[in-house]
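Peer 1: curious how this folds, go ahead:
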Amino acid sequence: MLSALLSGVRPARALDVFTLWKQPEVPLGLVEGDWADYRFQVTVSGRQEQSLTRVACLGKEAGTDAAGWVVEVVPLREETSGRLVPVPGEGLRLRLSRQLVLREGNLLDHVLEARQWTAGRMTTLTPEDLRRDPLLADSFNEEFTASTVTRGTATTRVVGGAQYFCDQLVMAAADTQVARLPAGEVRQVTTRELTAAINADLPFLGLAYASERVRSESSVEPADGRLRPPPGRIRIEIMELVAHGLGARPSLGEGD
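Peer 2: Just a heads-up that it's a prediction; the model follows:
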């Protein structure tokens, strides 16, 4: 979602830092100064894409106040040394309402202000702009609420050389869409299964690791051969926390 927007490429991906923000079993917290770097991997029809994203909750000097948090989401590049650094002049700065912690509405409802940097140029986006832009609106409205939640065996994840003992949740949901055509009816069933390793000491949603498997299958009625269903599709997404810390500093600015 958000990191795909920043790179200018939109792979078929739904899993992102705030995908699970409404799931009650998942901790939700924004703390001034927290930052986290995530590695994403998407596999669709044998094609694989990877990206790196930093999320940072900035302090009062960047505009965080009693009404809202200022959060930056910026793409990263990996240097030959392995160091992760922000891509210059690219990113998104959001001012999010503190009502976010109530987990009501959708994420777009809690965006008070958004500024996007592309090739060093900044554009201010109002909430109305976000709703009108189909790509951005789709991103902010993409959230996951499970129909079933199962607790798996707790697991240990290593992040930046430190070990974290994590709860493991397996969450599943299904959605059915029907398209009525002159030659018949196409029914598509999409199932989503998301596994997350969570530790409340980690920033934002406490995610050390998350993987999502999305499977879409279609059928037609009547099954007389005149109308063929589209082929099934499987999408696998992985999000891994690779580093985090305190003392977040702005990566974006008017001079970028």
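
Peer 1: now stretch 81-88, how far from the centre of its chain.
Peer 2: Once both centres are worked out by Cα atoms, centre = their mean, to the nearest Å, stretch 81-88 turns out to sit 20 Å from its chain's centre.

Peer 1: and if you look at stretch 97-114?
Peer 2: 15 Å.

Peer 1: try stretch 54-70
Peer 2: Averaging C-alpha positions (Cα atoms, centre = their mean) puts stretch 54-70 19 Å from its chain's average.

Peer 1: and if you look at stretch 30-42?
Peer 2: Chain-centre distance of stretch 30-42: 10 Å, with Cα atoms, centre = their mean.

Peer 1: got the CA coordinates for that stretch in PDB?
Peer 2: Taking Å, rounded to 0.1, in the frame of the first residue of the first chain, the C-alpha atoms of stretch 30-42 are listed here in PDB:
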ATOM      1  CA  LEU A  30       2.100   5.500  18.300                       C
ATOM      2  CA  VAL A  31       5.000   6.900  20.400                       C
ATOM      3  CA  GLU A  32       6.900  10.100  19.500                       C
ATOM      4  CA  GLY A  33      10.400   9.200  18.400                       C
ATOM      5  CA  ASP A  34       9.700   5.600  17.400                       C
ATOM      6  CA  TRP A  35      10.900   4.400  14.000                       C
ATOM      7  CA  ALA A  36      10.900   1.000  12.300                       C
ATOM      8  CA  ASP A  37      12.300  -0.400   9.100                       C
ATOM      9  CA  TYR A  38      10.300  -3.100   7.200                       C
ATOM     10  CA  ARG A  39      11.200  -5.400   4.400                       C
ATOM     11  CA  PHE A  40       8.300  -6.400   2.100                       C
ATOM     12  CA  GLN A  41       8.200  -9.300  -0.400                       C
ATOM     13  CA  VAL A  42       5.300 -10.000  -2.800                       C
END
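
Peer 1: ok, and for that stretch, which residues are buried?
Peer 2: 30, 32, 34, 35, 36, 37, 38, 39, 40, 41, 42 (16 or more other Cβ atoms under 10 Å). Every C-beta, even on glycine, is put in place using the N, C-alpha and C of the backbone.

Peer 1: go on, stretch 45-54?
Peer 2: Applying 16+ other Cβ under 10 Å to stretch 45-54 flags 49, 51, 52, 53, 54 as buried.

Peer 1: which parts of the stretch 51-200 of the chain are helices?
Peer 2: For the stretch 51-200 of the chain, helices defined by DSSP state H, counting those that start in this stretch occupy the ranges 127-132, 134-141.

Peer 1: lowest average pLDDT across these?
Peer 2: Lowest mean pLDDT of the helices of the stretch 51-200 of the chain: helix 134-141, a mean of 60.

Peer 1: can you give me the strands for the protein?
Peer 2: Per DSSP state E, the chain carries strands over the ranges 35-44, 47-58, 68-78, 84-86, 91-97, 111-118, 121-125, 148-151, 155-159, 162-181, 184-198, 207-221, 233-245.

Peer 1: can you list the ones you listed in JSON lines and add mean pLDDT?
Peer 2: Formatted as JSON lines, the strands of the chain follow (pLDDT from 0 to 100):
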{"stretch": "strand 35-44", "mean pLDDT": "91"}
{"stretch": "strand 47-58", "mean pLDDT": "92"}
{"stretch": "strand 68-78", "mean pLDDT": "94"}
{"stretch": "strand 84-86", "mean pLDDT": "94"}
{"stretch": "strand 91-97", "mean pLDDT": "93"}
{"stretch": "strand 111-118", "mean pLDDT": "90"}
{"stretch": "strand 121-125", "mean pLDDT": "91"}
{"stretch": "strand 148-151", "mean pLDDT": "94"}
{"stretch": "strand 155-159", "mean pLDDT": "95"}
{"stretch": "strand 162-181", "mean pLDDT": "89"}
{"stretch": "strand 184-198", "mean pLDDT": "87"}
{"stretch": "strand 207-221", "mean pLDDT": "88"}
{"stretch": "strand 233-245", "mean pLDDT": "92"}
